[in-house]
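*Asks:* Sequence and predicted structure are below.
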Amino acid sequence: MLTIFNVFIDVVLRYAFNNSSIALQEMEWHLFSSLFLLGISYTLQQDAHVRVDIFYANLLPKKQALINMIGFVIFILPISLLITYYGLDFAYGAYTINEQSGDPGGLTHRFIIKSVIPISFILVIISGSLFVLDNYKKFVRGDV
């Protein structure tokens, strides 16, 4: 909702008043990026992520659970740990130098948007761990 409002204000300023704000334009991609990054863990939690269902859909629930657990350990967990590790340094570096937009009139405090990166992948690790736990229970019981 905030993203839509921000874009609306930017468009009205640009086309109705022939005025534009670099800060509003930057805020658009900051909000969109945050929405996307924080949505990853929610999508995993809801088991709504993209996967190739050609074979998966026809497997027994026990085998699906096994694939989900292996997939998390092999694919999701390693990349999430790497992004979190390097993302923390990335955000901290922006904080220590008080990084700001290179554009005149742009946003200050660039570390805020950069902090969303490791935060989102910490949430992916938590959400994925719960996802694995749920799949482990399915695997042990062998039910849906």
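*Replies:* Ah, there it is.

*Asks:* Ranking helices and strands of this structure by mean pLDDT, which lands last?
*Replies:* Every helix and strand of the chain was ranked by mean pLDDT, DSSP states H and E. The lowest is helix 53-56, at a mean of 80.

*Asks:* Tell me the helices and strands packed up against it.
*Replies:* Helix 53-56 is packed against no helix or strand, with contacts defined by 3 or more Cβ pairs under 8 Å, 6 or more residues apart in numbering; DSSP states H and E. For every residue, glycine as well, the C-beta is placed using N, CA and C.

*Asks:* and the longest helix for this protein?
*Replies:* The longest helix of the chain (DSSP state H) is helix 111-141.

*Asks:* Okay, buried residues for that helix please.
*Replies:* Applying a neighbour-count criterion of 16 or more other Cβ atoms under 10 Å, one finds 111, 113-125, 127-128, 131-132, 135, 138-139 buried in helix 111-141.

*Asks:* likewise stretch 45-53?
*Replies:* Gln45.

*Asks:* And that stretch, how far out from the chain middle?
*Replies:* 15 Å (Cα atoms, centre = their mean, to the nearest Å).

*Asks:* what's next to it, contact-wise?
*Replies:* Applying Cβ atoms under 8 Å, 6 or more residues apart in numbering, the contact partners of stretch 45-53 are 43, 71, 127, 130-131.

*Asks:* Mind doing that once more with 7 Å?
*Replies:* Contact partners of stretch 45-53, identified using Cβ atoms under 7 Å, 6 or more residues apart in numbering, comprise 43, 127, 130-131.

*Asks:* same check, this time on stretch 69-83
*Replies:* Residues outside stretch 69-83 that contact it (Cβ under 7 Å, 6+ apart): 117, 121, 124-125, 128, 131-132, 135-136, 139.

*Asks:* mind running it again at 8 Å?
*Replies:* 44, 51, 117-118, 121, 124-125, 128, 131-132, 135-136, 139.
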